[in-house]
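Trainee: Return a 3D structure for these sequence lines:
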Amino acid sequence: MSQTDLARTGRLGGSQVGTRLDYVLNPAARHRATAYARASSALDSPAAPEAAIGIALQPFTSLPVNVAVERRIALGVGARNAMAVMAVGGFGPTPVALGMEAQAYAQTGIVGFRQRDAFIDGKLSLLAPVQNTALRVGAAISGGAQPGVERLDIGPEIQVRLPLQPVAARLSIEWRERIGGRAAPASGLAVTLGADF
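Mentor: Sure, this is the predicted structure:
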């Protein structure tokens, strides 16, 4: 999940749950276009539940960046009905040096065409695979910003691939020490469970 939550002033991060469904519109094309639908909600108050439908295009096959346009639909208090335009990119575990692997994501964009709110967030992890295990250990730096609030975190991270066939599941446990910004929540433990199918 993204750290950016435009619906909750003064807050970046916190407990969230979400899901996304992608459908490739042109599987044989050089520049992939994808229609998607997603839903998300915070687990604390205000939950600001929202859904969105959109289209994403990867303009350059050699660059892992998608440009997307979506319509956000408020499902409860604190969410927002608005259009959004964004660029989203990232890469999976990639060998770098000294046996380490890097993985990262970043996104930036604007929500709303009348009341325009810009946002940016991202994360970079440097992890070393533990031999003969599904574990990776290392460190991560992450951050985000939106109007009036920003934060930067750093800390150790442990990742594990979970054998939940046919689902590709992964669990990440990290300590996020807030070293910049004043956004809530404070420094603390972050546990992320993700799955692709």
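Trainee: mind listing the strands in this structure by residue range?
Mentor: For the chain, the strands defined by DSSP state E cover 16-24, 33-42, 50-57, 65-74, 82-95, 101-111, 117-129, 135-146, 149-164, 167-181, 188-196.
Trainee: chain center to stretch 151-171: distance?
Mentor: In terms of Cα atoms, centre = their mean, to the nearest Å, the gap separating the centre of stretch 151-171 from the centre of its chain is 13 Å.
Trainee: what about it, average pLDDT?
Mentor: On average, the pLDDT along stretch 151-171 is 90.
Trainee: Equivalent analysis for stretch 19-31, please.
Mentor: In this model, stretch 19-31 has a mean pLDDT of 92.
Trainee: Between the two ends of it, how far is it?
Mentor: Start-to-end span of stretch 19-31 (Cα to Cα, to the nearest Å) is 24 Å.
Trainee: In TSV, list the strands of the chain along with mean neighbour count.
Mentor: Glycine gets a C-beta too; all of them are placed from N, C-alpha and C. Converted to TSV, the strands of the chain look like this (neighbours: other Cβ atoms under 10 Å):
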stretch	mean neighbour count
strand 16-24	12
strand 33-42	17
strand 50-57	17
strand 65-74	17
strand 82-95	15
strand 101-111	18
strand 117-129	18
strand 135-146	20
strand 149-164	17
strand 167-181	16
strand 188-196	12
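Trainee: How about Arg178, nearest residue that isn't a chain neighbour?
Mentor: Nearest residue to Arg178, sequence neighbours excluded (Cβ to Cβ, 6 or more residues apart in numbering): Ser187, at 4.7 Å.
Trainee: And Leu25, by the same measure?
Mentor: With Cβ to Cβ, 6+ apart as the criterion, Leu25 has its nearest non-adjacent residue at 4.5 Å, and that residue is Ala33.
Trainee: Show me the beta-bridge partners of that neighbour.
Mentor: Beta-bridge pairing of Ala33 under DSSP bridges involves Leu57.
Trainee: pretty sure it is touching Asn26, no?
Mentor: Yes: here Ala33 reaches Asn26: they are 5.3 Å apart, a contact under Cβ atoms under 8 Å.
Trainee: Any regions of the protein where pLDDT drops low?
Mentor: Scanning the chain for pLDDT under 70 picks out 1-11.
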